[in-house]
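*Asks:* Show me how the following folds:
(one chain, ligands or ions: 1)
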Amino acid sequence: MKRLRWTSRTIFLFAAIGSAVGLGNIWRFPYLTYKYGGGAFLIPYLIALFVLGVPLLILEFAIGQKLQKGAIDAFKTVHHRLRGIGFSAIFAGFVVVVYYAVVMAWCLLFFINSFKAELPWAEDAKGYFFNTVLQITDNIGIIGGINWQVFFALLAVWVMIYFSVWRGIKSVGKIVSITMPLPIILLVILFIRAITLDGALTGVYYYLKPDFSALLSSEIWLAAISQIFFTLSLAFGIMVAYASYNEETQDVAADAYTTAIINSAISLFAGFVVFAVIGYMATETGVSVEDAVASGPGLAFVVFPKALSLMPWAPFFSAIFFLTLLSLGIDSAFSLVEAVNTVIVDRSAHIPVEKVAFYVCTLAFVMGIIFTTRAGLYFLDIVDHFITSFGLVLVGIFECIAIGWIYKADKLRKYINSVSGHNTGKWWNYAIKYIIPLALTLLVIIQFFTEIKANYGGYPDWAIAIGWFVVAVPLVIAFALALISKNQEKELINK
Ligand code: PHE
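*Replies:* Presented below is the predicted three-dimensional model:
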């Protein structure tokens, strides 16, 4: 059967960029930049982008496109014992999308509540997020039952995701032509609003002020590396799946550079918006910029809503902001689902895509229910921490070893050069064989000792165990697959 194709190369790029550009660009990146010395963070960030991000993105695009398969079958083709690498990638991706959709559900609730003459969080943004939206319990030990508004918002998000992926890349191709450009346009609107606010420049100054002493700490390098992984959607099998729908002759190197550069440009741009708004808020309320910055949920759902409520036309800009987040998130979310669907459809072509998509979305929704309980944020925090600190990085190491040493980096590089206008030099082999796996191994070791020293976030042991469980399951399955796997082709020959 002939493999499906993207309708054009532009649509493929839209899908890849749509996956890369997500919630990570608007809260994680600006916050990290600020935390690790402003302008100085950009140095390790850009080094990590070109030494690690681009080579790995070229790798993922190249194996998907050359082998014309989703992650599991692609790695199985490399060596029959390596299926588990693809499996681990898909598993990590599935876990991420389960909670990523929950974050989108919060965005949806904020979006809906923006349509009020006065924003309901104007008085007390923190209380609004934690008590009204999440209705959070005192600690993770108290589950507090299901929070139905989050539950139904999550259901709505999954309906949106389902209808984005239900016809496979045919529907994905259509939706990304809206969801990729839309948030960029919205960001430009927000940028113009933000930069013209009083105090905007104070915020921007904090964002970009270089502090070169930060460069000497190892932490900043680790932060830069994991941000690159997350932001380029590497090690989830997404980019492999997406590229597998390309013609085998498409210029993979150019595609990788385009995706990586546009993604980082959007991050930088989003940073201006975020810090201009924070600078404004600091000026209005008299808090210092330092005190106003927060990462993760704090920035998107407390600091920003607060700042929005102070602006003229508050409901309008608030609706625009949450619509931006939703449209940024949706194509990242459905790229994860599509990676899972691709491997299933590859393996069992007789099941229609609609059905596969339906089962995958339903399962992900059901698994997400735990995050809709009143203790949901705690669980989300733990799972996110473990999967991004370990899951991705481990898959990244395996990918490099499998391609660098077993498939042979040079063989893939020859393919890349045979289809690309720009010549990828021998440096790429060294990056894949030595630099990236060594850097990542170091990262995992350091991170491991940090975890051992103290429970992440001060959570109890049983909760931390959930985090380790999520990391361990795919590894165990990957090793089991490697052990029991038989070389079917050889068997056929023997028969
Ligand atoms: N790249 C997305 C972001 O920056 C996050 C993401 C990670 C999406 C993994 C899909 C897979 O938000």
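
*Asks:* Keeping just the C-alphas, turn stretch 266-273 into PDB.
*Replies:* What follows is stretch 266-273, C-alpha atoms only, in PDB (Å, rounded to 0.1, in the frame of the first residue of the first chain):
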ATOM      1  CA  ILE A 266       9.300  32.400  18.300                       C
ATOM      2  CA  SER A 267      10.600  31.700  21.800                       C
ATOM      3  CA  LEU A 268      12.700  34.800  21.800                       C
ATOM      4  CA  PHE A 269       9.800  36.900  20.600                       C
ATOM      5  CA  ALA A 270       7.500  35.400  23.200                       C
ATOM      6  CA  GLY A 271      10.100  36.400  25.800                       C
ATOM      7  CA  PHE A 272       9.600  40.100  24.900                       C
ATOM      8  CA  VAL A 273       5.900  39.800  25.300                       C
END
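
*Asks:* tell me the mean pLDDT for it?
*Replies:* Stretch 266-273 carries an average pLDDT of 92.

*Asks:* distance between that stretch and the chain's centre?
*Replies:* 17 Å (CA atoms, centre = their mean, to the nearest Å).

*Asks:* near the ligand, which residues of the chain show up?
*Replies:* Contact residues (CB under 6 Å from any ligand atom) of the chain with the ligand: 19-20, 22-25, 96, 230-231, 233, 236, 238, 332, 335-336. Heads up, the C-betas are built off the backbone N, CA and C, glycines and all.

*Asks:* mind running it again at 5 Å?
*Replies:* Counting by CB under 5 Å from any ligand atom, the chain comes close to the ligand at 20, 22-24, 231, 233, 236, 332.

*Asks:* okay, now whatever residue of the stretch 301-450 of the chain ends up closest to the ligand: neighbour count?
*Replies:* Proximity of the stretch 301-450 of the chain to the ligand (CB to the nearest ligand atom) peaks at Ser332, 3.5 Å away. When neighbours are counted by other CB atoms under 10 Å, Ser332 registers 25.

*Asks:* secondary structure element for it?
*Replies:* helix 314-347 (DSSP states H and E).

*Asks:* among the residues of the chain next to the ligand, which are in helices?
*Replies:* 20, 23, 231, 332 (DSSP state H).

*Asks:* List just the nearest of the residues you listed to the ligand.
*Replies:* Ser332 (3.5 Å).

*Asks:* my guess is the closest one contacts Ser19, does it?
*Replies:* Yes: contact criterion CB atoms under 8 Å: Ser332 and Ser19 qualify, at 5.4 Å.

*Asks:* Show residues contacting stretch 45-55.
*Replies:* 32-33, 221, 224-225, 227-229, 232, 234, 256-257, 260, 264, 428, 431-432, 435-436, 439 (CB atoms under 8 Å, 6 or more residues apart in numbering).

*Asks:* Could you turn the buried ones of those residues into a ChimeraX selection?
*Replies:* Buried residues among those (16 or more other CB atoms under 10 Å), as a ChimeraX selection:
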select :32,33,221,224,225,227,228,229,232,234,256,257,260,264,428,431,432,436,439
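
*Asks:* Narrow the contacts of stretch 45-55 to those in strands?
*Replies:* Members of those lying in strands (criterion: DSSP state E): none.

*Asks:* picking up where we left off before, so of the residues of the chain next to the ligand, which two are at opposite extremes in space?
*Replies:* With CB to CB as the measure, no two of the residues of the chain next to the ligand lie farther apart than Leu23 and Phe236, at 14.7 Å.

*Asks:* Show me which of these two is the more surrounded one.
*Replies:* Set side by side, Leu23 and Phe236 show more neighbours around Phe236, with 32 against 20, by other CB under 10 Å.

*Asks:* Now for the nearest residue to the more buried one once chain neighbours are set aside, how many residues are close by?
*Replies:* For Phe236, ignoring the flanking residues on the chain, the nearest one in space by CB to CB, 6 or more residues apart in numbering is Gly93 at 3.6 Å. Using other CB under 10 Å, Gly93 has 28 neighbouring residues.

*Asks:* Kindly list the main-chain dihedrals of Gly93?
*Replies:* Main-chain torsions, Gly93, degrees, to the nearest 10: phi -60, psi -40.

*Asks:* Before we move on, what's the pLDDT of it?
*Replies:* Taking Gly93 on its own, its pLDDT is 92.

*Asks:* Using JSON lines, please lay out the residues of the chain next to the ligand together with pLDDT.
*Replies:* Compiled in JSON lines, these are given as follows (pLDDT from 0 to 100):
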{"residue": "Ala20", "pLDDT": "96"}
{"residue": "Gly22", "pLDDT": "93"}
{"residue": "Leu23", "pLDDT": "90"}
{"residue": "Gly24", "pLDDT": "89"}
{"residue": "Thr231", "pLDDT": "94"}
{"residue": "Ser233", "pLDDT": "93"}
{"residue": "Phe236", "pLDDT": "92"}
{"residue": "Ser332", "pLDDT": "93"}
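
*Asks:* and which of those is nearest to Gly127?
*Replies:* Leu23 (22.8 Å).

*Asks:* correct me, but Phe479 touches Gly84?
*Replies:* Yes: the pair Phe479 / Gly84 is scored as a contact, 6.7 Å apart, by CB under 8 Å.

*Asks:* okay, now Gly467: neighbour count?
*Replies:* 25.

*Asks:* Three-state assignment for Arg3, please.
*Replies:* Secondary structure, DSSP: H, G, I helix; E, B strand; the rest coil: Arg3 is coil.
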